[in-house]
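# Give me a 3D structure for the following:
(one chain, ligands or ions: 1)
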Amino acid sequence: MTSTTLEKLAGKTALVTGGSRGIGAAIAKRLASDGASVAITYSKDADAAGTVVKSIESAGGKALAIQADASNSEAVANAVEQTVKKFGRLDVLVNNAGTAIPRPFEEASMEELDRVIDINLRGIFVATKAALKHIGKGGRIIMIGSCLGERNMTSGLASYAATKGAVKMLAQGLAREVGDRGITVNNVQPGPIDTDLNPAAGEGATPQIANTALKRYGHVDEVAALVAFVAGPEAGYITGANLTVDGGTNA
Ligand code: NDP
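Numbering: from 1, shown residues only. Down below sits the predicted model:
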(Lines give C-alpha, C1' and ligand atoms only; values in the text may rest on other atoms or scores of the structure.)
Protein backbone atom coordinates (compact mmCIF):
# COMPACT_ATOMS: atom_id res chain seq x y z
CA MET A 1 0.00 0.00 0.00
CA THR A 2 1.34 3.45 -0.87
CA SER A 3 0.45 6.61 0.99
CA THR A 4 -1.19 7.94 -2.20
CA THR A 5 -3.75 5.14 -2.35
CA LEU A 6 -4.31 5.31 1.40
CA GLU A 7 -5.24 8.98 1.20
CA LYS A 8 -8.31 8.42 -0.97
CA LEU A 9 -10.53 6.78 1.65
CA ALA A 10 -8.43 7.27 4.77
CA GLY A 11 -10.62 7.73 7.84
CA LYS A 12 -13.72 6.47 6.03
CA THR A 13 -15.79 3.36 6.73
CA ALA A 14 -17.46 1.22 4.08
CA LEU A 15 -20.01 -1.57 4.34
CA VAL A 16 -20.12 -4.04 1.44
CA THR A 17 -23.06 -6.44 1.46
CA GLY A 18 -22.25 -9.92 0.14
CA GLY A 19 -18.55 -9.21 0.50
CA SER A 20 -17.23 -12.70 1.19
CA ARG A 21 -16.81 -13.88 -2.41
CA GLY A 22 -16.82 -12.69 -6.01
CA ILE A 23 -17.35 -9.04 -6.88
CA GLY A 24 -18.13 -8.04 -3.27
CA ALA A 25 -14.89 -9.53 -1.93
CA ALA A 26 -12.87 -7.67 -4.59
CA ILE A 27 -14.66 -4.41 -3.73
CA ALA A 28 -14.04 -4.90 -0.01
CA LYS A 29 -10.32 -5.52 -0.55
CA ARG A 30 -9.98 -2.61 -2.95
CA LEU A 31 -11.75 -0.10 -0.65
CA ALA A 32 -9.55 -1.31 2.22
CA SER A 33 -6.42 -0.83 0.11
CA ASP A 34 -7.63 2.72 -0.54
CA GLY A 35 -7.64 3.27 3.22
CA ALA A 36 -11.23 2.57 4.35
CA SER A 37 -12.20 0.39 7.29
CA VAL A 38 -14.46 -2.21 5.73
CA ALA A 39 -17.32 -4.32 7.03
CA ILE A 40 -18.73 -7.11 4.90
CA THR A 41 -21.88 -9.18 5.19
CA TYR A 42 -22.43 -12.75 4.06
CA SER A 43 -25.22 -15.26 4.43
CA LYS A 44 -23.62 -18.72 4.56
CA ASP A 45 -19.90 -18.90 4.00
CA ALA A 46 -18.24 -17.76 7.24
CA ASP A 47 -14.88 -19.22 6.16
CA ALA A 48 -14.84 -17.19 2.94
CA ALA A 49 -15.81 -14.04 4.88
CA GLY A 50 -13.02 -14.73 7.39
CA THR A 51 -10.53 -15.10 4.54
CA VAL A 52 -11.44 -11.63 3.21
CA VAL A 53 -11.06 -10.12 6.69
CA LYS A 54 -7.66 -11.81 7.16
CA SER A 55 -6.49 -10.64 3.75
CA ILE A 56 -7.40 -7.02 4.56
CA GLU A 57 -5.87 -7.19 8.04
CA SER A 58 -2.65 -8.77 6.81
CA ALA A 59 -2.27 -5.83 4.40
CA GLY A 60 -2.57 -3.45 7.37
CA GLY A 61 -6.27 -2.62 7.04
CA LYS A 62 -9.30 -2.92 9.31
CA ALA A 63 -12.17 -5.28 8.54
CA LEU A 64 -15.20 -6.93 10.09
CA ALA A 65 -17.39 -9.79 8.82
CA ILE A 66 -21.06 -9.92 9.82
CA GLN A 67 -23.47 -12.76 9.08
CA ALA A 68 -26.63 -11.08 7.70
CA ASP A 69 -28.83 -12.63 5.05
CA ALA A 70 -30.03 -9.88 2.72
CA SER A 71 -33.58 -11.25 2.96
CA ASN A 72 -33.60 -10.80 6.76
CA SER A 73 -34.49 -7.14 7.45
CA GLU A 74 -33.54 -7.25 11.10
CA ALA A 75 -30.15 -8.83 10.39
CA VAL A 76 -29.34 -6.31 7.64
CA ALA A 77 -30.30 -3.29 9.78
CA ASN A 78 -28.29 -4.80 12.63
CA ALA A 79 -25.25 -5.19 10.34
CA VAL A 80 -25.31 -1.45 9.66
CA GLU A 81 -25.45 -0.73 13.40
CA GLN A 82 -22.62 -3.20 14.13
CA THR A 83 -20.47 -1.50 11.49
CA VAL A 84 -21.00 1.93 13.06
CA LYS A 85 -20.42 0.52 16.55
CA LYS A 86 -17.12 -1.06 15.50
CA PHE A 87 -15.69 1.73 13.31
CA GLY A 88 -17.52 4.78 14.67
CA ARG A 89 -19.01 5.99 11.38
CA LEU A 90 -20.34 4.97 7.98
CA ASP A 91 -19.43 6.74 4.75
CA VAL A 92 -19.88 4.24 1.93
CA LEU A 93 -22.57 1.60 1.46
CA VAL A 94 -22.06 -0.86 -1.41
CA ASN A 95 -25.26 -2.79 -2.04
CA ASN A 96 -23.65 -5.79 -3.71
CA ALA A 97 -25.44 -8.87 -2.31
CA GLY A 98 -27.51 -10.38 -5.07
CA THR A 99 -28.50 -13.60 -6.68
CA ALA A 100 -30.10 -15.09 -9.78
CA ILE A 101 -32.26 -18.18 -10.09
CA PRO A 102 -32.05 -18.80 -13.86
CA ARG A 103 -35.33 -20.31 -15.10
CA PRO A 104 -37.90 -19.51 -17.77
CA PHE A 105 -40.31 -17.05 -16.14
CA GLU A 106 -43.37 -19.27 -16.57
CA GLU A 107 -41.60 -22.18 -14.83
CA ALA A 108 -40.39 -20.14 -11.85
CA SER A 109 -42.29 -20.60 -8.60
CA MET A 110 -43.56 -17.57 -6.69
CA GLU A 111 -41.17 -18.57 -3.88
CA GLU A 112 -38.23 -18.27 -6.30
CA LEU A 113 -39.45 -14.93 -7.61
CA ASP A 114 -39.97 -13.65 -4.05
CA ARG A 115 -36.44 -14.78 -3.12
CA VAL A 116 -34.87 -12.85 -6.00
CA ILE A 117 -36.86 -9.73 -5.08
CA ASP A 118 -36.07 -10.10 -1.36
CA ILE A 119 -32.31 -10.34 -1.89
CA ASN A 120 -31.77 -8.10 -4.92
CA LEU A 121 -34.24 -5.33 -4.10
CA ARG A 122 -35.80 -5.49 -0.64
CA GLY A 123 -32.39 -6.13 0.94
CA ILE A 124 -31.15 -2.92 -0.66
CA PHE A 125 -34.16 -0.98 0.66
CA VAL A 126 -33.42 -2.14 4.21
CA ALA A 127 -29.64 -1.62 4.09
CA THR A 128 -29.97 1.81 2.50
CA LYS A 129 -32.62 3.06 4.94
CA ALA A 130 -30.48 1.91 7.88
CA ALA A 131 -27.28 3.36 6.39
CA LEU A 132 -28.83 6.75 5.69
CA LYS A 133 -29.28 7.25 9.44
CA HIS A 134 -25.46 7.44 9.64
CA ILE A 135 -24.07 8.52 6.27
CA GLY A 136 -23.33 12.24 6.10
CA LYS A 137 -21.88 14.82 3.72
CA GLY A 138 -19.53 13.26 1.18
CA GLY A 139 -21.20 9.88 1.66
CA ARG A 140 -21.68 7.34 -1.07
CA ILE A 141 -24.39 4.80 -1.78
CA ILE A 142 -23.34 2.46 -4.56
CA MET A 143 -25.65 -0.16 -6.03
CA ILE A 144 -24.33 -3.18 -7.88
CA GLY A 145 -26.97 -3.51 -10.58
CA SER A 146 -26.36 -5.30 -13.86
CA CYS A 147 -26.10 -4.53 -17.55
CA LEU A 148 -29.23 -6.70 -17.70
CA GLY A 149 -31.04 -3.93 -15.85
CA GLU A 150 -30.97 -1.94 -19.08
CA ARG A 151 -30.95 -4.58 -21.79
CA ASN A 152 -31.53 -8.32 -21.41
CA MET A 153 -30.34 -10.77 -24.05
CA THR A 154 -30.32 -13.81 -21.75
CA SER A 155 -33.30 -16.15 -21.58
CA GLY A 156 -34.23 -17.30 -18.08
CA LEU A 157 -33.21 -14.09 -16.35
CA ALA A 158 -36.35 -11.97 -16.80
CA SER A 159 -37.08 -11.71 -13.07
CA TYR A 160 -33.41 -11.04 -12.24
CA ALA A 161 -33.30 -8.30 -14.89
CA ALA A 162 -36.51 -6.83 -13.47
CA THR A 163 -34.91 -6.46 -10.03
CA LYS A 164 -31.81 -4.86 -11.55
CA GLY A 165 -33.96 -2.43 -13.55
CA ALA A 166 -35.66 -1.53 -10.28
CA VAL A 167 -32.26 -0.99 -8.62
CA LYS A 168 -31.36 1.40 -11.44
CA MET A 169 -34.47 3.50 -10.85
CA LEU A 170 -33.97 3.37 -7.08
CA ALA A 171 -30.50 4.87 -7.54
CA GLN A 172 -31.80 7.62 -9.81
CA GLY A 173 -34.72 8.52 -7.52
CA LEU A 174 -32.76 8.33 -4.29
CA ALA A 175 -29.98 10.48 -5.75
CA ARG A 176 -32.49 13.35 -5.93
CA GLU A 177 -33.76 12.76 -2.38
CA VAL A 178 -30.36 12.85 -0.65
CA GLY A 179 -28.33 15.07 -2.98
CA ASP A 180 -28.83 18.20 -0.86
CA ARG A 181 -27.14 16.35 2.02
CA GLY A 182 -23.98 15.92 -0.09
CA ILE A 183 -24.57 12.19 -0.55
CA THR A 184 -24.25 10.59 -3.99
CA VAL A 185 -26.14 7.51 -5.17
CA ASN A 186 -24.92 5.59 -8.20
CA ASN A 187 -25.55 2.27 -9.89
CA VAL A 188 -22.58 0.23 -11.14
CA GLN A 189 -23.75 -2.22 -13.79
CA PRO A 190 -21.39 -5.16 -14.41
CA GLY A 191 -21.56 -7.38 -17.44
CA PRO A 192 -20.35 -11.00 -17.36
CA ILE A 193 -17.82 -11.21 -14.53
CA ASP A 194 -16.08 -14.46 -13.64
CA THR A 195 -17.49 -15.48 -10.22
CA ASP A 196 -19.22 -18.46 -8.60
CA LEU A 197 -22.53 -16.92 -9.71
CA ASN A 198 -21.47 -16.62 -13.35
CA PRO A 199 -18.35 -18.73 -14.00
CA ALA A 200 -16.43 -18.00 -17.20
CA ALA A 201 -16.04 -21.78 -17.52
CA GLY A 202 -19.80 -22.37 -17.10
CA GLU A 203 -22.17 -23.61 -19.80
CA GLY A 204 -23.84 -20.20 -20.15
CA ALA A 205 -20.55 -18.40 -20.80
CA THR A 206 -20.24 -18.73 -24.58
CA PRO A 207 -23.20 -16.50 -25.59
CA GLN A 208 -22.27 -13.95 -22.92
CA ILE A 209 -18.74 -13.69 -24.33
CA ALA A 210 -20.18 -13.38 -27.84
CA ASN A 211 -22.36 -10.47 -26.67
CA THR A 212 -19.38 -8.48 -25.40
CA ALA A 213 -17.38 -6.18 -27.66
CA LEU A 214 -14.15 -7.27 -25.98
CA LYS A 215 -14.90 -11.01 -26.42
CA ARG A 216 -14.07 -11.96 -22.86
CA TYR A 217 -15.42 -12.11 -19.32
CA GLY A 218 -14.53 -9.31 -16.95
CA HIS A 219 -12.47 -9.72 -13.78
CA VAL A 220 -13.84 -8.84 -10.35
CA ASP A 221 -11.04 -6.27 -9.94
CA GLU A 222 -12.32 -4.40 -13.01
CA VAL A 223 -15.65 -3.83 -11.22
CA ALA A 224 -13.91 -3.01 -7.93
CA ALA A 225 -11.83 -0.32 -9.67
CA LEU A 226 -14.98 1.50 -10.84
CA VAL A 227 -16.60 1.19 -7.41
CA ALA A 228 -13.43 2.58 -5.79
CA PHE A 229 -13.52 5.57 -8.12
CA VAL A 230 -17.20 6.26 -7.37
CA ALA A 231 -16.48 5.89 -3.63
CA GLY A 232 -13.59 8.34 -3.80
CA PRO A 233 -13.43 12.14 -3.63
CA GLU A 234 -12.88 12.61 -7.38
CA ALA A 235 -16.42 11.33 -8.08
CA GLY A 236 -18.11 14.02 -5.99
CA TYR A 237 -20.21 15.40 -8.87
CA ILE A 238 -21.39 12.02 -10.18
CA THR A 239 -24.81 11.03 -8.88
CA GLY A 240 -27.89 9.25 -10.20
CA ALA A 241 -25.65 7.67 -12.83
CA ASN A 242 -25.70 4.17 -14.28
CA LEU A 243 -22.07 3.27 -14.82
CA THR A 244 -21.70 0.18 -16.96
CA VAL A 245 -18.62 -2.06 -16.81
CA ASP A 246 -19.66 -4.81 -19.21
CA GLY A 247 -16.97 -5.22 -21.87
CA GLY A 248 -19.34 -3.56 -24.33
CA THR A 249 -22.26 -5.96 -23.86
CA ASN A 250 -24.79 -3.15 -24.05
CA ALA A 251 -22.92 -1.14 -26.69
P1 NDP B 1 -21.35 -14.54 -6.04
O2 NDP B 1 -22.48 -15.53 -5.94
O3 NDP B 1 -20.07 -14.99 -6.62
O4 NDP B 1 -21.08 -13.92 -4.60
C5 NDP B 1 -22.19 -13.48 -3.87
C6 NDP B 1 -21.77 -12.87 -2.56
O7 NDP B 1 -22.95 -12.40 -1.91
C8 NDP B 1 -21.12 -13.84 -1.63
O9 NDP B 1 -20.25 -13.13 -0.79
C10 NDP B 1 -22.30 -14.40 -0.83
O11 NDP B 1 -21.89 -14.88 0.43
C12 NDP B 1 -23.17 -13.16 -0.73
N13 NDP B 1 -24.58 -13.47 -0.68
C14 NDP B 1 -25.29 -14.29 -1.49
N15 NDP B 1 -26.57 -14.34 -1.09
C16 NDP B 1 -26.64 -13.51 -0.01
C17 NDP B 1 -27.69 -13.15 0.85
N18 NDP B 1 -28.92 -13.65 0.72
N19 NDP B 1 -27.42 -12.28 1.85
C20 NDP B 1 -26.17 -11.80 2.04
N21 NDP B 1 -25.14 -12.12 1.26
C22 NDP B 1 -25.38 -12.97 0.26
O23 NDP B 1 -21.97 -13.32 -6.86
P24 NDP B 1 -21.24 -12.20 -7.76
O25 NDP B 1 -20.03 -11.71 -7.08
O26 NDP B 1 -21.17 -12.69 -9.13
O27 NDP B 1 -22.37 -11.06 -7.75
C28 NDP B 1 -22.32 -9.94 -6.89
C29 NDP B 1 -23.32 -8.91 -7.38
O30 NDP B 1 -22.99 -8.55 -8.73
C31 NDP B 1 -24.76 -9.40 -7.43
O32 NDP B 1 -25.63 -8.36 -7.07
C33 NDP B 1 -24.96 -9.75 -8.89
O34 NDP B 1 -26.31 -9.68 -9.28
C35 NDP B 1 -24.13 -8.68 -9.56
N36 NDP B 1 -23.72 -8.99 -10.93
C37 NDP B 1 -22.90 -10.05 -11.18
C38 NDP B 1 -22.54 -10.33 -12.48
C39 NDP B 1 -21.64 -11.47 -12.84
O40 NDP B 1 -21.51 -11.76 -14.03
N41 NDP B 1 -21.00 -12.14 -11.90
C42 NDP B 1 -23.04 -9.52 -13.59
C43 NDP B 1 -23.87 -8.41 -13.21
C44 NDP B 1 -24.19 -8.18 -11.91
P45 NDP B 1 -22.55 -16.21 1.06
O46 NDP B 1 -22.32 -17.32 0.13
O47 NDP B 1 -21.96 -16.40 2.40
O48 NDP B 1 -23.99 -15.85 1.19
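# Residues of the stretch 1-150 of the chain that sit close to the ligand?
Residues of the stretch 1-150 of the chain lying near the ligand by Cβ under 6 Å from any ligand atom: 17-24, 41-45, 69-71, 96-99, 119, 144, 146. Where C-beta positions appear, they are placed from N, C-alpha and C, glycine not excepted.
# run the last query once more with 8 Å
By Cβ under 8 Å from any ligand atom, the residues of the stretch 1-150 of the chain that approach the ligand are 17-25, 40-46, 48-49, 67-72, 95-100, 118-120, 123, 144-148.
# So which of these belong to helices?
Under the assignment DSSP state H, those contribute 22, 23, 24, 25, 46, 48, 49, 123 to helices.
# out of the residues of the stretch 1-150 of the chain next to the ligand, which are buried?
The neighbour-count criterion (16 or more other Cβ atoms under 10 Å) marks 17-25, 40-43, 48-49, 68-72, 95-100, 118-120, 123, 144-148 among these as buried.
# Same list as before, the ones in helices among the residues of the stretch 1-150 of the chain next to the ligand that is, but in a markdown table and with distance to residue 56 and pLDDT included.
As requested, these are exported to a markdown table (distance: Cβ to Cβ, whole Å; pLDDT from 0 to 100):
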| residue | distance to residue 56 | pLDDT |
| --- | --- | --- |
| 22 | 16 | 98 |
| 23 | 16 | 99 |
| 24 | 13 | 99 |
| 25 | 10 | 99 |
| 46 | 16 | 98 |
| 48 | 13 | 98 |
| 49 | 11 | 98 |
| 123 | 23 | 98 |
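# Quick check: of those residues, which lies closest to the ligand?
Proximity of those to the ligand was ranked by Cβ to the nearest ligand atom; the top entry is residue 22 with 2.3 Å.
# I'd like the distance from residue 179 to residue 192, if you could.
32 Å (Cβ to Cβ, to the nearest Å).
# cool, residue 74 as well?
Applying Cβ to Cβ, the value for residue 74 to residue 192 is 34 Å.
# What of residue 153?
Per Cβ to Cβ, residue 153 is found 11 Å from residue 192.
# cool, residue 148 as well?
Computed as Cβ to Cβ, the residue 148 to residue 192 distance reads 10 Å.
# just residue 204 next, same as before
Distance from residue 204 to residue 192, by Cβ to Cβ: 9 Å.
# can you list residues touching both of these two?
The contact sets of residue 204 and residue 192 overlap at residue 198 (Cβ atoms under 8 Å, 6 or more residues apart in numbering).
# the more surrounded of those two?
The neighbour comparison of residue 204 against residue 192 (other Cβ atoms under 10 Å) goes to residue 192, with 25 against 14.
# Nearest spatial neighbour of that one, chain-adjacent residues omitted?
Excluding the flanking residues, the one nearest residue 192 by Cβ to Cβ, 6 or more residues apart in numbering is residue 208, at 4.1 Å.
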